[in-house]
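In: for reference, the sequence and a predicted model appear below.
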Amino acid sequence: MREDRKAPGTLFLVGTPIGNMGDLSPRARETLESVSRIAAEDTRRTGLLLSTIGVRTPMASFHAHNEAKRIPEILARLARGESVAVVSDAGNPGISDPAERLVRAAVESGFAIVPIPGPSAFVAALVASGLPSGSFVFEGYLPSRASARREALRALRSERRTILLHESPKRVAALLDDVRDVLGDRRVVLAREITKKFEEFARGTAGELLARLRERAPKGEFVVVVEGAPPGEPLEASRVLGIVREEIAAGRTLRDAVRAAARIARWKEQEVYRLASEGSPFDAPSHEAEQESGSGPKKSPVSEADRFVRYVILLTIVRPELLCEDLVRAHVAHLKRIEERGHLELCGPFADKRGGIVILRGVTEEDARTLAEADPFVSSGADRYELRRLDLSSRDNDHMGMG
């Protein structure tokens, strides 16, 4: 190693073996021996390593529970001209561990940072997986809570790069189950005990690997390599509808759910809305229909207090050159679907071909906006729209012929 690279006041990030002691590089050993202090995530594990290679450099613990205290201490040592080496439990420090924050603080303080590369579990798993390795994304450990984990996976639905995850043996089956449900039954590689005696790579779809794990209890920490989203292939209708329902269940509005599904599935928003409307809140029977059918205490789509709230969609043609016969037919079909669900109160003609009016009832403002933006005229860019709310008493409705 060049003498000037080992100048006092330098922070070294030293990669250590992930299972096989033969993977420790001569440069890593030399650095661990020459520094003033070693900051170790696990002093017991690092102590065994140092004992094996015959290094007696003093250690100090440095982990997630004491980083707030240790970072100023390490920076003070660097300021005094001492050199410090940081090591993690295994592999390269600085990825999903406190060394990341230490490095940031050292950079801000003007200290030199020198990496001493070593083995990496997720890189080893990637190159041996057989899945595309030219472009990938490393996500580390996803949240342990099921709802948060599924939310994280939903954000990766349209990710075309190979996805790399870490998971414990206790949760790897639950992760595969969520991968299958949220991302689809993609190809997955489970890598465990990398570089160790019982190293294993299991390949198959998420469903196939899940079945194997249920037959045999998993052991060891896993790297989970997941195939990226297929390029240029729209998802089938059932998957698109499933995405919309999951987004709504996660608290999204219908409009946002349709947009998310369209982006992920590579569908047009108008097509997703047409599909989703079959299972949307617009299918709920109106209050009047329930009363006539005598169906009893089913929940109305709107509250009693809001029965006379109307939303007016004002359409204004801004690009008449885009209007065509097919677009007009799609617009009429869109209004017919709204009417069939009991939410179309009035549809006025386009005056002098400059615009029109649509009045809706029994919907929320968010749903009214979704319906407006799903109109083929609006989604094509031919029209712009304005949404207005009307609060009318029953007497006013009768007077205006809108009851």
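Out: Thanks, I have the structure now.
In: show me where the stretch 51-200 of the chain has strands.
Out: 59-61, 84-87, 112-116, 136-141, 162-167, 187-192, 200-205 (DSSP state E, counting those that start in this stretch).
In: Throw these into a markdown table and include mean neighbour count, thanks.
Out: In this view, the C-beta of every residue, glycine as well, is placed from N, C-alpha and C. Formatted as a markdown table, the entries for the strands of the stretch 51-200 of the chain read as follows, by neighbours: other Cβ atoms under 10 Å:
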| stretch | mean neighbour count |
| --- | --- |
| strand 59-61 | 16 |
| strand 84-87 | 26 |
| strand 112-116 | 16 |
| strand 136-141 | 16 |
| strand 162-167 | 22 |
| strand 187-192 | 23 |
| strand 200-205 | 15 |
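In: list just the one of those strands that sits closest to Ile243.
Out: Ranking the strands of the stretch 51-200 of the chain by proximity to Ile243 (Cβ to Cβ) places strand 162-167 first, at 17.4 Å.
In: would you list the strands of the stretch 51-200 of the chain in JSON lines and tack on distance to Ile317 and mean pLDDT?
Out: Listed next are the strands of the stretch 51-200 of the chain as JSON lines, based on distance: least, Cβ to Cβ, whole Å; pLDDT from 0 to 100:
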{"stretch": "strand 59-61", "distance to Ile317": "70", "mean pLDDT": "95"}
{"stretch": "strand 84-87", "distance to Ile317": "64", "mean pLDDT": "97"}
{"stretch": "strand 112-116", "distance to Ile317": "60", "mean pLDDT": "96"}
{"stretch": "strand 136-141", "distance to Ile317": "44", "mean pLDDT": "95"}
{"stretch": "strand 162-167", "distance to Ile317": "45", "mean pLDDT": "96"}
{"stretch": "strand 187-192", "distance to Ile317": "49", "mean pLDDT": "96"}
{"stretch": "strand 200-205", "distance to Ile317": "50", "mean pLDDT": "95"}
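In: how about those strands in CSV, adding distance to Asp256?
Out: As requested, the strands of the stretch 51-200 of the chain are arranged in CSV below (distance: least, Cβ to Cβ, whole Å):
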stretch, distance to Asp256
strand 59-61, 45
strand 84-87, 42
strand 112-116, 42
strand 136-141, 23
strand 162-167, 24
strand 187-192, 29
strand 200-205, 30
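In: out of those strands, which gets nearest to Gly355?
Out: When the strands of the stretch 51-200 of the chain are ranked by proximity to Gly355, the top entry is strand 136-141, at 46.2 Å, counting by Cβ to Cβ.
In: which residues are contacting that closest one?
Out: The contact list for strand 136-141, computed with Cβ atoms under 8 Å, 6 or more residues apart in numbering, reads 95-96, 122, 126, 152, 156, 159, 161-168.
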